[in-house]
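Student: Sequence plus predicted model, see below.
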Amino acid sequence: MSNLPNLLLASLSPATRKQAEQNLQLLSIQSGFLDHLLRLVLEQSQDRAIRLSGSVYLKNIAKLRWEEDVQPLPSADKATLRSQLVPAMLSLSSPADKAIRAQIAEAVALIAELDFPNHWPDLIDQLVSSLSASDYHVNVGVLETSHSIFQKWRAHVRSDELFTEINLVLSKFMDPFLQLFRQTASLLLSNPSPSPALTSPKENYILLAQAMILLNDIYYDFTCHDLPPAIEDSHEEFFAPERGWFQAFLLWDPTALRGDPDDTVPSLTSKIKTGIFEIGELFIKLYPEQLQKTTAVETFVQSVWSLIGSNKLPGVADDALVSQALRFISTAIRTGYYKSLFSSRDTISSLVQGVVIPNVGLRDSDIEQFEDDPLEFVRLDLAMAATGTDLATRRHAAADVLQALVGSGFESEATEIVGSWVNTGLAEYASNKEANWKSKDSAIYLLTALATRGSTAQHGVTATNALVDVVKFFSDYVLEDLQAASGSVHTILQVDAIRFLLTFRNQLTKPQLLSVLPLLARHLQSDNYVTYTYAAITIDRVLSIKQSNQLLFAQADIHDSAPDLINALLSRVEASTTPEKVAENDHLMKCVMRVIVTGRQGLTSTSERTLIRLVTILGVISKNPSNPRFDQYIFESISALMKFVVAGSPAALPTFEQALFGPFTIILQQDIDQYVAYVFQVLAQMLELHRGSEVPAQYRSILPMLLTPALWQQKGSVPALVRLLKAFLSQDSSSMVSNNQIGPVLAVSQQRLIPSKVNDVWGIELLQSVVFNVNPTILLPFIKPLLLTLLNRLQSNPTEKYSYLFAKFIIYAMAVNVEGLGPDYFIKAVEEIQPGLWGQLIKGFVITEAPKFPHRERKLGAVGLTRMLCQSDMMLSEPSVQAWSPSYTALGKIFSEPQHFAKANAEDNGRAITAIDFEEQSAGYQAAFSRLAASENPEPDPVAYVQNPLQYLQQELDKLKGRIGPRADAMISAAGGRIA
């Protein structure tokens with residue numbers, strides 16, 4: 001433990017990080033480690049970098065390893081840490097320790113999500129007892145920690161378990177919370193102060209405001225699912241139009257808390273008001289009848305007008321407040337409860353003129369961002385589509401007000417009023433195109449908002465305003481900017497044109513889209529970052545369009561243009577010099593992936609050059625992986641290129657192997673953990689493509705490394721490792737047997753996977769592959785230890801999922817048609833462990849789980865039970881025969897839904913790739929397994945030898961009758977008769 005500070009410091013340096021993390025991992029499983037680490041974090045005399053690194057490491061243990069079941073943390077250490085965390089967090093109340101306190105607070109929240117209330121029943125008591133009437137440093141710490149625990153409720157689905165937890169918290173926390181809310185609000189709003197010691201100097205007043213922000217957050221947490229009685233009873237105290245706390249804060253603007261007009265960070269006052277509008281929006285959605293008891297909504301709407309009307313808050317720092325205030329208006333309109341507020345034409349006109357128009361126009365700060373931080377401009381511009389309800393910018397929020405009006409019965413009025421603003425903007429632009437380009441930009445944005453009735457991130461606009469002809473507007477006003485030569489119109493107008501096409505791509509016909517694809521391709525050559533990025537995004541989305549669940553564009557549509565598109569995109573990526581800049585723009589690499597997926601075999605002639613460029617880019621970014629999405633798309637691109645080229649030209653496989661083995665070896669040797677899972681999946685894909693031919697030696701050389709325990713500790717790699725081992729078993733099992741590698745494969749499953757609640761599914765999958773691919777005679781020495789492992793897990797750590805997996809493995813072993821592997825092979829092994837055990841397992845697990853098999857596995861279940869009932873001699877004698885009749889009944893239940901035995905249509909070779917929209921992927925490195933969709937092939941049917949399960953059953957029953965005579969009829973009759 002004495003070396004812990006040095007290891008934490010070494011973990012911060014790229015040169016020593018890997019070794020330090022491995023040593024920390026070994027140290028962390030020692031008894032007393034958690035207590036020692038926390039004491040180190042709290043030790044003020046230690047280097048701050050060491051303390052911060054320690055706090056992050058503690059949080060990561062809580063996040064990734066708290067419930068680890070293969071090398072579990074000692075229970076006593078976890079209990080000790082739980083008792084120490086809240087006092088530790090409170091002791092870090094000084095401003096200098098804010099970053100460290102945030103990590104400890106997050107650790108509390110992560111552990112609480114797993115252990116509260118069952119294993120941490122006194123957590124809320126600890127927090128409540130720490131609240132102070134006079135020390136707001138402590139209060140802010142308690143409220144931060146409490147909010148980090150409670151805010152997770154917002155994303156949870158309503159359940160008895162959730163409400164039990166919420167009610168427990170409310171029973172202990174509600175009264176102190178309301179008391180502290182009232183005290184804090186009174187101190188902030190009263191002038192002169194009732195307690196000068198708490199409101200001055202200015203630092204104390206700031207602390208009060210910070211506490212108020214958190215109190216609003218917790219108010220939201222407490223009401224995000226249901227309305228607690230205490231909050232319902234105090235409704236007027238908070239919402240009353242003239243005397244309520246919320247209305248008072250919306251009108252509140254203390255000089256002491258005002259920020260600089262040029263600040264980009266929201267002021268504390270702005271944050272408080274934003275939180276109140278969030279609460280107002282929540283109540284409109286969930287508790288409209290409560291709000292209708294007073295004129296609270298009408299007063300809130302008036303506050304929006306007075307706060308942001310006529311562009312009173314133009315600064316970047318108030319963007320969140322303005323956006324949330326506008327969202328409150330949108331929500332109020334959509335509910336339909338307040339039609340009288342918005343129904344008159346004059347009101348709609350005032351709303352558009354006073355609130356919408358000022359927030360649609362581009363500001364100087366927006367243009368600066370376009371020029372100086374283009375990737376952030378793109379991110380924010382796409383944010384509405386990517387997050388659905390999170391309107392990230394003022395423009396999005398203002399547009400949503402229009403869409404709310406159009407969708408709530410005010411379509412005609414809104415179209416007329418906004419249409420006049422659109423025409424005015426276009427006329428201003430026509431009068432002086434150079435000076436008034438912003439007018440056209442606003443007009444296009446307004447028209448886009450007005451025309452959109454429904455949209456999704458993946459599909460663009462799905463429903464339009466019938467009063468707006470978007471195709472005509474595109475032809476009359478937008479297409480000219482899309483066609484214009486670079487520099488002849490303002491760059492932002494060209495981006496507007498591309499965005500308009502992106503937004504309304506589903507409203508254009510395939511010929512129209514094909515006609516504009518060359519224009520988009522030309523914009524990939526633009527010198528402007530936003531222009532070529534938007535061009536790449538739009539090409540990707542256009543090629544992703546589906547109609548009747550079929551891709552609209554096929555390889556023939558882009559056969560001639562695909563190589564040039566890929567060349568232009570990769571040239572943009574290659575133009576950067578550092579690993580971080582190369583990987584910065586994942587939109588470009590995603591577009592490369594989409595062109596490859598669409599172009600398919602049409603790219604064969606240029607595939608080798610494309611592959612070399614992709615591998616070179618991979619070599620650059622592997623020096624410092626920095627963008628998980630870029631990484632996903634480059635590996636998808638490599639995998640998809642191989643999938644389609646080799647499908648048409650099998651002789652091309654060695655070209656891919658030659659290009660990839662060298663870089664992949666380096667990645668594995670250097671243990672670049674962000675890429676290891678991808679490498680395993682592509683290796684599996686290449687190995688699977690050999691399809692029974694001689695496996696090259698370079699594959700066999702990496703197999704020993706795959707069986708080392710250290711490699712299996714990185715959880716995100718486990719599914720990929722299992723897939724690669726399955727590929728080895730299916731393609732090269734005879735060599736594995738010769739090299740005595742079957743035992744180590746089984747050891748991985750028995751020691752690392754089956755005992756784990758997280759990885760048991762992969763353990764069973766690996767065992768099934770062994771059973772299917774390895775000669776049963778070779779397996780005989782391993783069967784008993786293997787069964788004992790499965791049974792021990794069933795007894796020591798049972799879960800519903802594992803019971804299903806266990807039953808599935810048994811049925812799989814019964815079902816597969818492997819020479820020498822009849823049903824009695826396993827039944828005999830189980831009975832040797834304990835006489836009568838097989839019948840207990842069948843009745844206790846298999847026949848209860850088999851009817852629950854999902855549709856895709858019902859055929860497996862039917863064939864497995866059929867073989868067990870009809871081909872096993874041991875099932876016909878005591879004691880196992882006792883399970884025959886209930887097993888036959890379970891088989892009947894499987895056949896009760898025969899439609900699910902129909903063979904699924906063969907999946908399109910690339911549909912799995914296009915079905916996944918990585919736009920929603922937000923997990924960072926190592927957070928989860930990164931599935932490589934392009935590398936996957938449909939799982940082979942283990943019972944493909946059976947075409948019709950019911951016909952197979954009848955044949956097997958006839959064979960059984962031939963073996964045992966009338967006894968078969970008696971057994972079938974006793975079990976309910978023939979299954980038809």
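Tutor: Right, received. Where do you want to start?
Student: pretty sure Leu375 is in a helix, no?
Tutor: Yes - under DSSP: H, G, I helix; E, B strand; the rest coil, Leu375 sits within a helix.
Student: Now do the same for Ser749: its pLDDT.
Tutor: Ser749 is assigned a predicted lDDT (pLDDT) of 95.
Student: how close does it get to Phe277?
Tutor: Here the distance between Ser749 and Phe277 works out to 54 Å (Cβ to Cβ, to the nearest Å). Where C-beta positions appear, they are placed from N, C-alpha and C, glycine not excepted.
Student: same deal with Ala647?
Tutor: When Cβ to Cβ is applied, the distance between Ala647 and Phe277 equals 55 Å.
Student: These two: who's more crowded?
Tutor: Between Ala647 and Phe277, Phe277 has the larger neighbour count (other Cβ atoms under 10 Å), namely 26 against 15.
Student: ok, the more buried one - contacts?
Tutor: With contacts defined as Cβ atoms under 8 Å, 6 or more residues apart in numbering, the neighbours of Phe277 are 300, 304, 321, 324-325, 327-328.
Student: where exactly do the helices run in the stretch 501-650 of the chain?
Tutor: For the stretch 501-650 of the chain, the helices identified by DSSP state H, counting those that start in this stretch occupy 510-523, 529-543, 562-574, 579-582, 586-599, 607-621, 628-648, in order along the chain.
Student: what two of the contacts of Phe277 are the furthest from one another?
Tutor: Checked with Cβ to Cβ, the contacts of Phe277 reach their widest spread between Phe300 and Leu321, with 13.2 Å between them.
Student: Walking through the stretch 701-850 of the chain, point out its strands one by one.
Tutor: Secondary structure of the stretch 701-850 of the chain, counting by DSSP state E, counting those that start in this stretch: no strands present.
Student: which residues of it score low on pLDDT?
Tutor: For the stretch 701-850 of the chain, not a single residue meets the criterion pLDDT under 70.
Student: so where do the helices sit in it?
Tutor: According to DSSP H, counting those that start in this stretch, the helices that the stretch 701-850 of the chain contains are 718-738, 742-748, 760-773, 776-796, 800-815, 823-833, 837-841, 847-849.
Student: Next, format the ones you listed as TSV and append mean neighbour count and distance to Asn191.
Tutor: Formatted as TSV, the entries for these read as follows, by neighbours: other Cβ atoms under 10 Å; distance: least, Cβ to Cβ, whole Å:
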stretch	mean neighbour count	distance to Asn191
helix 718-738	21	61
helix 742-748	19	70
helix 760-773	22	63
helix 776-796	16	65
helix 800-815	21	60
helix 823-833	18	80
helix 837-841	20	76
helix 847-849	19	69
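Student: Tell me which of these lies nearest to Met642.
Tutor: Put simply, out of the helices of the stretch 701-850 of the chain the one that sits nearest Met642 is helix 718-738, at 14.2 Å, with distance taken as Cβ to Cβ.
Student: The closest one packs against which elements?
Tutor: Contact analysis of helix 718-738 by 3 or more Cβ pairs under 8 Å, 6 or more residues apart in numbering; DSSP states H and E lists helix 673-688, helix 697-706, helix 742-748, helix 760-773 as its packing neighbours.
Student: Which positions in the longest one come out as buried?
Tutor: If I follow you right, that is helix 673-688. For helix 673-688, burial by neighbour count (16 or more other Cβ atoms under 10 Å) applies to 673-688.
Student: One more: stretch 121-138?
Tutor: Neighbour counts using 16+ other Cβ under 10 Å place 123-124, 126-128, 130-131, 136-138 of stretch 121-138 among the buried residues.
Student: and it, how far from the chain's centre?
Tutor: 34 Å (Cα atoms, centre = their mean, to the nearest Å).
Student: Reformat the helices and strands packed on helix 718-738 as TSV; add distance to Asp540.
Tutor: Shown next, in TSV, are the helices and strands packed on helix 718-738 (distance: least, Cβ to Cβ, whole Å):
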stretch	distance to Asp540
helix 673-688	20
helix 697-706	34
helix 742-748	39
helix 760-773	32
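Student: Of those helices, which is nearest Lys339?
Tutor: Judged by Cβ to Cβ, the one of the helices and strands packed on helix 718-738 that comes nearest to Lys339 is helix 760-773, at 52.1 Å.
Student: Run through who's touching stretch 175-193.
Tutor: Under the criterion Cβ under 8 Å, 6+ apart, residues 128, 131, 133, 139, 194-195, 198-200, 205, 208-209, 211-212, 215, 218-219, 222, 230, 234, 245, 248-249, 252, 254 lie in contact with stretch 175-193.
Student: are any of the residues you listed buried, and which?
Tutor: With neighbours counted using 16+ other Cβ under 10 Å, these contain these buried positions: 128, 131, 139, 198-199, 205, 208-209, 211-212, 215, 218-219, 222, 234, 245, 248-249.
Student: Convert stretch 848-860 to CSV, retaining C-alpha atoms only.
Tutor: In CSV, the C-alpha atoms belonging to stretch 848-860 read as follows (Å, rounded to 0.1, in the frame of the first residue of the first chain):
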residue,chain,number,x,y,z
THR,A,848,-40.0,-24.9,-16.7
GLU,A,849,-37.7,-22.8,-18.9
ALA,A,850,-38.2,-24.6,-22.3
PRO,A,851,-41.7,-23.2,-23.0
LYS,A,852,-40.2,-19.7,-22.3
PHE,A,853,-37.7,-19.9,-25.1
PRO,A,854,-37.9,-16.9,-27.4
HIS,A,855,-39.3,-17.5,-30.8
ARG,A,856,-36.0,-17.9,-32.6
GLU,A,857,-35.0,-20.7,-30.2
ARG,A,858,-38.2,-22.7,-30.1
LYS,A,859,-37.0,-25.0,-32.9
LEU,A,860,-33.9,-25.8,-30.8
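Student: My guess is Lys623 contacts Pro579. True?
Tutor: Yes - Lys623 lies in contact with Pro579 (Cβ atoms under 8 Å); the separation is 4.8 Å.
Student: pLDDT below threshold where in the stretch 851-980 of the chain?
Tutor: Where the stretch 851-980 of the chain drops to pLDDT under 70, the residues are 898-928.
Student: again, 50 this time
Tutor: 904-927 (pLDDT under 50).
Student: mind listing the helices in it by residue range?
Tutor: So, for the stretch 851-980 of the chain - with DSSP H, counting those that start in this stretch - the helices run 858-871, 884-894, 911-915, 949-964, 966-974.
Student: In TSV, list the ones you listed along with mean neighbour count.
Tutor: Formatted as TSV, the helices of the stretch 851-980 of the chain follow (neighbours: other Cβ atoms under 10 Å):
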stretch	mean neighbour count
helix 858-871	25
helix 884-894	20
helix 911-915	17
helix 949-964	16
helix 966-974	14
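Student: Show me the shaky parts of this structure.
Tutor: Low-confidence segments of the chain, defined by pLDDT under 50, are located at 385-391, 904-927.
Student: let's see 80
Tutor: Under the criterion pLDDT under 80, the flagged ranges of the chain are 1, 69-71, 310, 383-392, 455-459, 692, 897-929, 980.
Student: could you pull out the helices for the stretch 101-250 of the chain?
Tutor: Under the criterion DSSP H, counting those that start in this stretch, the stretch 101-250 of the chain carries helices at the ranges 123-130, 136-150, 160-189, 196-199, 202-223, 229-233, 235-239, 245-250.
Student: Now do the contacts for the nearest residue to Tyr287 once chain neighbours are set aside.
Tutor: Setting aside the residues directly before and after it, Tyr287 is nearest to Leu227 in space (Cβ to Cβ, 6 or more residues apart in numbering), at 5.6 Å. Taking Cβ under 8 Å, 6+ apart as the definition of contact, the neighbours of Leu227 are 286-287, 290.
Student: just curious, which of those residues is nearest to Ala484?
Tutor: Leu286 (48.8 Å).
Student: Report the separation between that closest one and Lys339.
Tutor: Here the distance between Leu286 and Lys339 works out to 20 Å (Cβ to Cβ).
Student: How about Glu289?
Tutor: Between Glu289 and Lys339 the computed distance is 16 Å (Cβ to Cβ).
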